[in-house]
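**Student:** next one to model:
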Amino acid sequence: MAINYQVHQESEFYRNGINYMLAMVVQENNQWKLAEMSVAPVDIIVSKGIGFGTDHEKKRAEEMR
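**Tutor:** Numbers count the residues shown, from 1 in each chain. As a prediction, the model looks like this:
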């Protein structure tokens, strides 16, 4: 997922602009629940061609290399 943040202080985990996250959901008792959420490896996602394909995503992937 992609979340557009405005943060007070940027870090390696949260930056101004679009931040990419991976969310793992599991089904429990016929309900979907969030099991885990982490920062997405955008550089890997872009290199495999499975992202959103946006210019911002490509730029963020370059910054991660």
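
**Student:** just checking: what are the partner strands of the top strand by length along the chain?
**Tutor:** Using DSSP state E to define each element, the chain has its longest strand at strand 17-28. Strand 17-28 sits in its sheet next to strand 2-5 (antiparallel), strand 31-39 (antiparallel), going by DSSP bridges.

**Student:** any idea which residue sits dead centre in the protein?
**Tutor:** For the chain, the residue nearest the mean C-alpha position is Y20 (1.7 Å; CA atoms, centre = their mean).

**Student:** quick one: pLDDT of that residue?
**Tutor:** If you check Y20, the pLDDT there is 85.

**Student:** now do the one 4 residues further on
**Tutor:** Note on M24: pLDDT of 95.

**Student:** can you check F13 too?
**Tutor:** The model's pLDDT for F13 equals 78.

**Student:** my read is it is in a strand, agree?
**Tutor:** No - assigned with DSSP: H, G, I helix; E, B strand; the rest coil, F13 falls outside any strand and is coil.

**Student:** what residues are up against the closest residue to it other than its chain neighbours?
**Tutor:** Counting by CB to CB, 6 or more residues apart in numbering, F13 lies nearest to V39, which is 5.7 Å off, once chain neighbours are set aside. Glycine gets a C-beta too; all of them are placed from N, C-alpha and C. By CB atoms under 8 Å, 6 or more residues apart in numbering, the contact set of V39 is F13, N19, Y20, M21, L22.

**Student:** regarding the chain, what is its longest helix?
**Tutor:** Secondary structure of the chain per DSSP state H: the longest helix is helix 55-64.

**Student:** against which helices or strands is that helix packed?
**Tutor:** strand 17-28, helix 42-47 (3 or more CB pairs under 8 Å, 6 or more residues apart in numbering; DSSP states H and E).

**Student:** switch to 10 Å and redo it
**Tutor:** For helix 55-64, the elements it packs on are strand 2-5, strand 17-28, helix 42-47, judged by 3 or more CB pairs under 10 Å, 6 or more residues apart in numbering; DSSP states H and E.

**Student:** now, of those, which is deepest in the fold?
**Tutor:** helix 42-47 (a mean of 17; mean count of other CB atoms under 10 Å).

**Student:** how far out from the middle of the chain is that helix?
**Tutor:** Remark: helix 42-47 is offset 10 Å from the chain centroid, using CA atoms, centre = their mean, to the nearest Å.
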